[in-house]
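Asks: Requesting a structural model of the entry that follows:
(chains A and B)
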Amino acid sequence: DAGITQSPRHKVTETGTPVTLRCHQTENHRYMYWYRQDPGHGLRLIHYSYGVKDTDKGEVSDGYSVSRSKTEDFLLTLESATSSQTSVYFCATRQDITEAFFGQGTRLTVV
Amino acid sequence: DQQVKQNSPSLSVQEGRISILNCDYTNSMFDYFLWYKKYPAEGPTFLISISSIKDKNEDGRFTVFLNKSAKHLSLHIVPSQPGDSAVYFCAASGGNEKLTFGTGTRLTIIP
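Replies: As a prediction, the model looks like this:
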């Protein structure tokens, strides 16, 4: 498996506060993705990156922003967390148009 | 608009029998399809994939079938084992770098 580390693994935050989740990879993969997993919705794409400083929106991007200043790091920021953003967040990486590899996930609770 | 659909939220199969998981898609641009397996509190792990130029791909106990005209794919697991109990996601990509997932099917193998 690709070396993908998500941090933090668990976080509880208050409504209205900013939150940043980090995804770090050691495989030099070109593509990186952020998904959220919710019951009944499966895995939904939030944002993805196809290179340093190159990002694009997924299907549920409202309320989220991303940045990729280095190949190995992809940051997901919730500018002002809401209860609807309570979820499990997964980062994934992919070298080309083949399989993607996932991190262990970050469980975020917004109270 | 759910472009990748898994209409069965759950499936129970006797140990040793065949498990068949189904997936439908709507986007005719999809040309690469994948299946992932997910255990609780872990990230999804890649199982098997298939390109649209093929209609079948096998890897050990796992076989994926693709019917392009019906926009349907299925994953067969033979024989089913207790360790196969997990949530299975199908995913699709095509035309760009996005990887779109279905809502998942929870497979339970009954000893």
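
Asks: Find the centremost residue of chain A, please.
Replies: residue A:34 (3.0 Å; Cα atoms, centre = their mean).

Asks: Please tell me how far residue A:43 sits from residue A:88.
Replies: 10 Å (Cβ to Cβ, to the nearest Å). C-beta here means a position set from N, CA and C on the backbone, and glycine is covered the same way.

Asks: who touches both of these two?
Replies: When contacts are counted by Cβ atoms under 8 Å, 6 or more residues apart in numbering or on different chains, residue A:43 and residue A:88 are jointly contacted by A:36, A:37.

Asks: Which one's more surrounded, those two?
Replies: residue A:43 (25 against 16; other Cβ atoms under 10 Å in any protein chain shown).

Asks: That one contacts residue A:89, doesn't it?
Replies: No: using Cβ atoms under 8 Å, residue A:43 is not in contact with residue A:89; the gap is 10.2 Å.

Asks: Now for these two: what residues contact both?
Replies: A:35, A:36, A:37.

Asks: so what's the first one bridging to?
Replies: Under the criterion DSSP bridges, residue A:35 forms beta bridges with residue A:45, residue A:90.

Asks: That one against residue A:45, yeah?
Replies: Yes: with contact defined as Cβ under 8 Å, residue A:35 and residue A:45 form a contacting pair (5.7 Å).

Asks: Find residues that contact each of the two.
Replies: Here residue A:35 and residue A:45 have A:58, B:101 as joint contacts, going by Cβ under 8 Å, 6+ apart.

Asks: What parts of chain B come near chain A?
Replies: B:6, B:9, B:32, B:34, B:36, B:41-46, B:49, B:89, B:91, B:93, B:97-104 (Cβ under 8 Å from any Cβ of the partner chain).

Asks: Quick one: the strands in chain A, in order.
Replies: A:4-7, A:10-13, A:19-25, A:31-38, A:42-51, A:54-57, A:64-70, A:73-78, A:87-94, A:101-102, A:106-110 (DSSP state E).

Asks: What residues does chain A have near chain B?
Replies: A:1, A:4, A:31, A:33, A:35, A:40-45, A:48, A:50, A:58-59, A:90, A:92, A:94, A:97-105.

Asks: how about a cut-off of 7 Å?
Replies: Within reach of chain B by Cβ under 7 Å from any Cβ of the partner chain, chain A has these residues: A:31, A:33, A:40-43, A:45, A:48, A:50, A:58, A:90, A:97, A:99-100, A:102-105.

Asks: Residue B:59: neighbouring residues, count only.
Replies: Counted with other Cβ under 10 Å, residue B:59 comes out at 10.
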